[in-house]
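In: turn this into a model:
(one chain, ligands or ions: 1)
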Amino acid sequence: MARSINDIVDLSVKELDDLIDVASDMMKDPQKYAKCCEGKVLATVFFEPSTRTRLSFESAMYHLGGSVLSVPNESSSSSAKGESVSDTARVISGYADIFVMRNPKEGSSYVAGKASLIPFINAGDGGHNHPTQTLADLMTIKMEKGRFNDLTVGICGDLRYGRTVHSLINALSRYSGVKFILISPQELGIPDYVRREILEVYDIPYEETEDLVGSMPKLDLLYMTRIQRERFEFPENYDRLKDSYILDMEKLGNAKDDMIILHPLPRVNEISIKVDEDPRACYFKQALYGRYMRQALILKLLNEKEPEAKARPKMIRCDIPCKNQRCISQTEQELEHVYKLVNEEHQIYRCLYCESKLMMKPADIADIEYIG
Ligand code: NCD
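Out: Numbers count the residues shown, from 1 in each chain. Presented below is the predicted three-dimensional model:
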């Protein structure tokens, strides 16, 4: 089985450090790496719009001397004819050496990674995870702040649907002295699994507030995000919330001189363009660092031997469908309903694919199989 990077925690802290070191070296000495993926092929299959992620992966592969096959949208792929994600992954495995996919279905990356015979990278699965944006974010923090420890991190905007937010919180929760200030309208707060299984389990200090201006003086880092229009069920809710936060020079007046401003981009209206000239604005550098981190990741995965099998959580298989309408298991009917145990004491199970909570207790499910 090939390695799959589905979630940022699929990479250890040591691996993240190594990737940042390699990416920094690639920036300093690009020639040294210019041919190291010669003869190798990267496939990018993107079923949602993307500029940075897809092009930075493709640019990364070209800078390593490799070549690229690309499906830039769903309508030009067999998915439009109804092909399953696992079939797509199996087929791509015969055409390329490494496979990158973006798909609107939450948990689709888990399914693709399982079926792929070549290393697989999640480039965004619906509103769930986006681990390689976190690689760009981490390199930016390392380059601009010099550390991950002892930071007060403000994350502002759409924390509910913003997949980059979920992966970033997961990554930074592994460092000591990190505190989060989560700034959003109430209905766009972080999902339950991020709160319970990351922040609470690891005892990470966090506050939730709607107040950007009041939070500003405390922050070492401000991560702005776009309100994710495409994930709203009702457009009127998007219209009501879309301009909740607009960072401008006046609001920045309260910020520390060495605070850094990140944004995964694209920005819609969240950061006034006047802020671009402020030395604290790092979002364009962040997009460039993303290319180097993707280069480092491609190189690492192509050079790795077969990964060791990871310990599996306890799981159950049953006939209760996942409650999340955006979960891959809703559309790929052949997928079994499998839930993993995330909290033994309270018997909390979450969907193996998208991490939504199973609302029933296993004891109340008639037809159930325990795995592991
Ligand atoms: C983000 C994404 O796709 O989740 N963009 C990106 O990959 N750089 C953020 C967003 O679309 O708002």
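
In: only C-alpha atoms from now on, for both contacts and neighbour counts.
Out: OK.

In: neighbours around the residue of the stretch 101-250 of the chain found nearest the ligand, how many?
Out: Taking CA to the nearest ligand atom, the ligand has its nearest neighbour within the stretch 101-250 of the chain at residue 226, 4.8 Å off. Using other CA atoms under 10 Å, residue 226 has 23 other residues around it.

In: same question for residue 111.
Out: 22.

In: repeat that for residue 305.
Out: Neighbours of residue 305 using other CA under 10 Å come to 10.

In: near the ligand, which residues of the stretch 251-372 of the chain are found?
Out: 264-266 (CA under 6 Å from any ligand atom).

In: just the ones of the residues you listed in helices?
Out: With helices taken from DSSP state H, there is no overlap with these.

In: mark which of these are buried, thanks.
Out: The neighbour count (16 or more other CA atoms under 10 Å) marks 264-265 as buried among these.

In: using a markdown table, please lay out the residues of the stretch 251-372 of the chain next to the ligand together with pLDDT.
Out: Formatted as a markdown table, these follow (pLDDT from 0 to 100):
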| residue | pLDDT |
| --- | --- |
| 264 | 98 |
| 265 | 98 |
| 266 | 97 |
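
In: doesn't the residue of the stretch 101-250 of the chain closest to the ligand lie inside a helix?
Out: No: with DSSP: H, G, I helix; E, B strand; the rest coil as the criterion, residue 226 is assigned coil and is not in a helix.

In: contact partners for it?
Out: Counting by CA atoms under 8 Å, 6 or more residues apart in numbering, residue 226 touches 157-158, 162, 265-270.

In: just flag the most distant two among those residues.
Out: 162 and 269 (15.5 Å; CA to CA).

In: tell me which of the two has more neighbours.
Out: It is residue 162, of residue 162 and residue 269, that has more neighbours when counted by other CA under 10 Å, with 25 against 16.

In: name the nearest residue to the more buried one, ignoring sequence neighbours.
Out: residue 127 (5.8 Å; CA to CA, 6 or more residues apart in numbering).

In: what about that neighbour, which SS state?
Out: coil.

In: that one - how many residues pack around it?
Out: The burial count for residue 127: 25, using other CA under 10 Å.

In: now do the contacts for it.
Out: 104, 106, 160-163, 231.

In: cutoff 7 Å now
Out: 106, 161-163 (CA atoms under 7 Å, 6 or more residues apart in numbering).

In: what do you get for residue 110?
Out: Applying CA under 7 Å, 6+ apart, the residues near residue 110 are 6, 353.

In: tell me, how many residues neighbour the closest residue to the ligand within the stretch 1-150 of the chain?
Out: Relative to the ligand, the nearest point of the stretch 1-150 of the chain is residue 53 (5.1 Å; CA to the nearest ligand atom). Neighbourhood size, residue 53 [other CA under 10 Å]: 24.

In: pLDDT wise, what is residue 165 at?
Out: Predicted confidence (pLDDT) for residue 165: 98.

In: quick check: nearest residue in space to it, chain neighbours excluded?
Out: residue 159 (6.1 Å).

In: wait, what's in contact with the closest residue to residue 220 other than its chain neighbours?
Out: Once flanking residues are discounted, residue 220 sits nearest to residue 259: 4.5 Å by CA to CA, 6+ apart. Applying CA under 7 Å, 6+ apart to residue 259 gives the contacts 219-221, 280.

In: one more: residue 204?
Out: Residue 204 touches 173, 179, counting by CA under 7 Å, 6+ apart.

In: if we can go back for a sec, any idea how far residue 73 is from the residue of the stretch 101-250 of the chain closest to the ligand?
Out: Plainly put, residue 226 is 21 Å away from residue 73 if you go by CA to CA, to the nearest Å.

In: swap in residue 14?
Out: For residue 14, the distance to residue 73 - CA to CA - is 35 Å.

In: quick one, which of these two is more surrounded?
Out: residue 73 (17 against 9).

In: tally of neighbours for the closest residue to residue 175 other than its chain neighbours?
Out: Nearest residue to residue 175, sequence neighbours excluded (CA to CA, 6+ apart): residue 149, at 5.5 Å. Neighbourhood size, residue 149 [other CA under 10 Å]: 15.

In: am I right that residue 149 sits in a strand?
Out: No: applying three-state DSSP, one finds residue 149 to be coil, outside a strand.

In: dump the residue contacts of it.
Out: Residue 149 touches 175-178, counting by CA under 7 Å, 6+ apart.

In: give the buried residues for stretch 261-275.
Out: 261-265, 269-271, 275.

In: so for this structure, the centremost residue is which one?
Out: For the chain, the residue sitting closest to the mean C-alpha position, by CA atoms, centre = their mean, is residue 130 at 1.5 Å.

In: who in the stretch 101-250 of the chain is up against the ligand?
Out: Checking the stretch 101-250 of the chain against the ligand by CA under 6 Å from any ligand atom, the hits are 133, 163-164, 226.

In: switch the cut-off to 8 Å
Out: 123-124, 127, 130, 133, 162-164, 225-228 (CA under 8 Å from any ligand atom).

In: residue 152 contacts residue 217, doesn't it?
Out: No: using CA atoms under 7 Å as the test, residue 152 is too far from residue 217 to be in contact (10.3 Å).

In: okay, these two: which has more neighbours?
Out: residue 152 (20 against 15).

In: can you list phi and psi of that one for me?
Out: phi -100, psi 120 (degrees, to the nearest 10).

In: when you give positions from now on, start the count at 38
Out: In the new numbering, first residue 38, that becomes residue 189.

In: that one pairs with what?
Out: Beta bridges link residue 189 to residue 216, judged by DSSP bridges.

In: burial of residue 249, as a residue count?
Out: 22.

In: rewinding a little: in three-state terms, label the residue nearest to residue 202 for me.
Out: Residue 196 is classified as coil under three-state DSSP.

In: what pLDDT does it get?
Out: pLDDT for residue 196: 98.
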